[in-house]
Each structure stands twice: as structure tokens, then as C-alpha cells.
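> whatever this is, show me its structure:
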Amino acid sequence: MNGPQISPGLFEPLTIKSVTLPNRFVMPPMQRGWSKDNVPDRALADYYVARVRGGTGLIIGESSAIDHPSATGQSAAVTLHGDAVPVWAHIVGAVKAAGGHMLLQLWHEGAMRTRGSNGPAPHAPTLSPSGLVWAGRRNGEAATADDLDAILDAYVRAALTAWSIGADGVELHGAHGFLLDQFCWHETNVRADEHGGEVLEARLQFPLRVVRAVREAVGPDFLISWRFSQWKEVDFGARIFDTPSQLQETLCALRAAGVDLFHASTRRFYMPEWPGSDLGLAGWASACTDAPVISVGSVGVKDKMFDVPGEPDELDPLASLGELSRRFDRGDFTLVAVGRALIGDPDWVNKVRDGRFDAIRRYDSSMLGTADWDLALAMEGLGRFGIGH
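Purely as a prediction, here's the structure:
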């Protein structure tokens, strides 16, 4: 089957501090719902290992709530404390034994949390910068200074846990309208103290405190990734950064605080971020920082997940790969995260490398939330290597 010319550079190794990745492909964090009482299922080890065997160079574990009562209200969400820790240790160990590398993503829902749900600590207050979900919509209450200190300590404990169980680093979830993102966004941070208000520099202060504290705790070699976005789950058209200079201000401050890697989350990696240029968010980020940048958003898939009336359709899967290669060769990003396409086929990276485009098992939206299908596919991939669950 004819297909696009794939940049050889996407299959070259990359060294970030003490970690050398075999190629530039990343599996981003995607909640699979494989958990009981907020403890991940051990089957996730097989699931991730199948992607490592299929060529993925870096795995980022799904959003893991930190050890604070306000962190999540989701019963299906996983945590990184208590009974979840030995399971994560098993998962990380399996990924590393298979020759892979893994970051664990640290997460707090902020005002997105539903109090009184069947998640952990259902009666704990929902905390966020200003008790706002979006544009005046209220939920929960504004965190006090003591609350922020406790939340910061929980991020540090989670990072130390990830370090202790052998992860290569952590990713701080500062995207999609969750807590750290809520501090950065003017719609959700209207605090009158040093942690918020109209000035971007003030809104960055708590996220910067978290990065500095994590860096101090884990030392200089443990990787810290920062995932950020313009879009939010409550508003696809949201914008933290009105100009490239605001993006640069933010990334430079985070870089100085200790971030090693930026993960620019977009719905479509090829969509221009600002008029007058075809650069996407990752392209602008690469122009703003010397740190490696991950691009993500509709690589190798076409479905209705992120459709918005008036926006162009997603590119055809093969056309998106051609555009990906063009932008990579231009220097728009250092790595690329492949989400839904890797749900569809654990061997996606190897098949793309080998030009076996007709052999790719295509993703479709029915695969989301179907753990039995995912596990069967993972076991199918693992069977070739004599690995069982």
C-alpha cells in the first residue's frame, strides 16, 4: 500500500538527561478505567508493555491523583498512593523490563471534581484557585494558603513515590482545565493574593512553586514534564495565551523552575495557533524554549471526538502522517504523542516505521472504554513474545 514518506528522524534516539529514548514516539496519558477503588488493574502492565514491544519509545501513565482529599471525585480514576503504589511499581517494572521508559502523570482535578460522588473522600471540599470551573460557573471553594501548602506537599510525595518505584520521571498535568491549568487561566483564577489575578506572572506562582518543590525533592536527573493546553474540557475554544509572548513568558518561567520537557496538548497538531503562521502550539513552544517539546493531537486517526462546528475535518490518517513528518523535519517539535491510534493498534509505531500502513488496525470510537477489547488486543500482541498476564 502506498503511503506518506515518514521522516527517518522520527526513529532516531533522543537523550534527555540520563534517559535515552529509542525514537520520538510517545504514548500519552489516557484514562482507561481499569481500576477498582482507585487502584490500577495489574493488567495495565501488559497493556503498556504491548505498546513498548510495538515500538513506542516513551509511555506516560494515565492521570494519577495525588494524595489529597480534594484531588479527584472519580471512582474509576487511579491514584498514586496507598494500595495503588505496589501496582504502579509492578507496571513500571514491567515497562522497564521490556526495554521501555515511563513517566507517571500527577493530577488534581481542581474545580472539575464532583463532591459527593463515589470516588475517594466524597465529602471533602472541592478546592481550586477561585471555586470556578469556567466563566463564572461555580463549583467548590477557593483554596486557602494552608490548602495550597498541603496540595503542594502532596505533589512532592507523589513525585517521590514515582522516583522510588523506578519511573524515569513525572508529568505534571497543567492542561485541560484541571487544577494547575486553572491557576494559569484568567477565567478560573481571580484570586486577589500573590497566586492570582489579572497578571499572568501572578497566576503562574502556584504552578511554579509545585515545579520547584518537586525538582528540589527528586534531584537534578529525574525528568519533569509539563503538559499544557489552550483548550479545556469545558471549553474547546479557551485560551490561556493570547499571544506568543505570553506563551514564552510561561514556558521560560517553568523551564527555569525545573521543567525538562513540554507536552503541548492540542486537539489537532496541525491547526495554526495564531494568524499569520501555520505553526501549531508545539511549533510555537519549540520557538520559545530550548527544552524538548512533545506534539499531540489526532495523529493517525480520523473520528468525531474533537469535532467543532465550523472547524475543518481531521486529516485522513495517512495525510496526518505526511504532515507530521513535514513539521518534524522543520523543527516544530522533538517528540510526538500518539493517542487513539495506539489504542487501536499496539504495533502502530513499528508498522509506520516499516511502511506497513495497510496492516494498521484502525482506531474507532467504539474502542474507548472497552477494557475487554483492549486487554484481548494487548494479549494478542504479547503472545508473540511469550509474555502472559
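> can you tell me the helix or strand for residue 133?
strand 132-134 (DSSP states H and E).
> tell me the strands beside that strand, with direction?
strand 137-138 (antiparallel) (DSSP bridges).
> the partner strand: what's the following helix or strand?
strand 141-142.
> where does that next one sit relative to the chain's centre, distance-wise?
26 Å (CA atoms, centre = their mean, to the nearest Å).
> packing partners for it?
Applying 3 or more CB pairs under 8 Å, 6 or more residues apart in numbering; DSSP states H and E, one finds that strand 141-142 contacts strand 127-128. Heads up, the C-betas are built off the backbone N, CA and C, glycines and all.
> and the gap between the closest residue to residue 325 other than its chain neighbours and residue 330?
Distances taken as CB to CB, 6 or more residues apart in numbering place residue 7 nearest to residue 325, at 4.0 Å, with adjacent residues excluded. Distance of residue 7 to residue 330, given as CB to CB, to the nearest Å: 10 Å.
> for residue 138, same thing?
44 Å.
> sorry, back to before: quick check, the residue nearest to residue 325 in contact with residue 327.
No: between residue 7 and residue 327 there is no contact under CB atoms under 8 Å: 9.3 Å.
> of the two, which one has the most company?
A count of neighbours by other CB atoms under 10 Å puts residue 327 above the other of residue 7 and residue 327, at 22 against 18.
> from the chain's centroid, how far away is whichever helix or strand that one is part of?
Per DSSP H and E: residue 327 is located in helix 317-330. A distance of 21 Å separates the centroid of the chain from that of helix 317-330, by CA atoms, centre = their mean.
> now swap in stretch 54-71 and tell me
Worked out by CA atoms, centre = their mean, stretch 54-71 lies 8 Å from the chain centre.
> pLDDT (mean, whole number) over it?
Mean pLDDT, stretch 54-71: 97.
> follow-up on the earlier one: list the residues that contact the residue nearest to residue 325.
324-325, 328-329 (CB atoms under 8 Å, 6 or more residues apart in numbering).
> likewise for residue 247?
241, 281, 284-285, 288.
> list the ones among the residues you listed that fall in strands.
Among these, DSSP state E puts none in strands.
> of those residues, closest to residue 224?
Using CB to CB, residue 285 comes nearest to residue 224 of the contacts of residue 247, at 15.6 Å.
> pretty sure the closest one contacts residue 262?
Yes: between residue 285 and residue 262 there is a contact under CB under 8 Å: 5.4 Å.
> any weak-confidence spans in this protein?
Applying pLDDT under 70 to the chain flags residues 1, 303-313, 365-389.
> again, only this time at 80
Counting by pLDDT under 80, the chain contains low-confidence ranges at 1-2, 116-119, 302-314, 363-389.
> how about the strands in the stretch 151-300 of the chain?
Using DSSP state E, counting those that start in this stretch, the strands assigned to the stretch 151-300 of the chain run over residues 169-176, 223-232, 261-265, 293-296.
> to clarify, my last question referred to the stretch 1-150 of the chain.
Using DSSP E, counting those that start in this stretch, strands in the stretch 1-150 of the chain cover 14-16, 19-21, 25-27, 35-36, 39-40, 58-60, 64-65, 78-79, 102-107, 127-128, 132-134, 137-138, 141-142.
> looking at the ones you listed, which is closest to residue 148?
Once the strands of the stretch 1-150 of the chain are compared by CB to CB, strand 127-128 is nearest, at 8.6 Å.
> so what strands line up beside the closest one?
strand 141-142 (parallel).
> what does the partner strand rub up against?
Under CB under 8 Å, 6+ apart, the answer for strand 141-142 is 125-131, 191.
> please redo it, this time with the cut-off set to 6 Å
Residues from elsewhere that reach strand 141-142, judged by CB atoms under 6 Å, 6 or more residues apart in numbering: 125, 130-131.
> from the residues you listed, keep the buried residues only.
By neighbour count, with 16 or more other CB atoms under 10 Å, these hold 130-131 as buried.
> want to try CSV for the contacts of strand 141-142, with distance to residue 186 as columns?
Formatted as CSV, those follow (distance: CB to CB, whole Å):
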residue, distance to residue 186
125, 23
130, 10
131, 15
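> wait, residue 187 sits on residue 133?
No: judged on CB atoms under 6 Å, residue 187 makes no contact with residue 133 at a distance of 9.1 Å.
> more crowded one of the two?
Between residue 187 and residue 133, residue 133 has the larger neighbour count (other CB under 10 Å), namely 24 against 20.
> residues in contact with that one?
Applying CB under 6 Å, 6+ apart, the residues near residue 133 are 111, 139.
> if we use 7 Å, what do you get?
111-112, 139, 234 (CB atoms under 7 Å, 6 or more residues apart in numbering).
> state the pair within the residues you listed that is farthest apart.
139 and 234 (10.4 Å).
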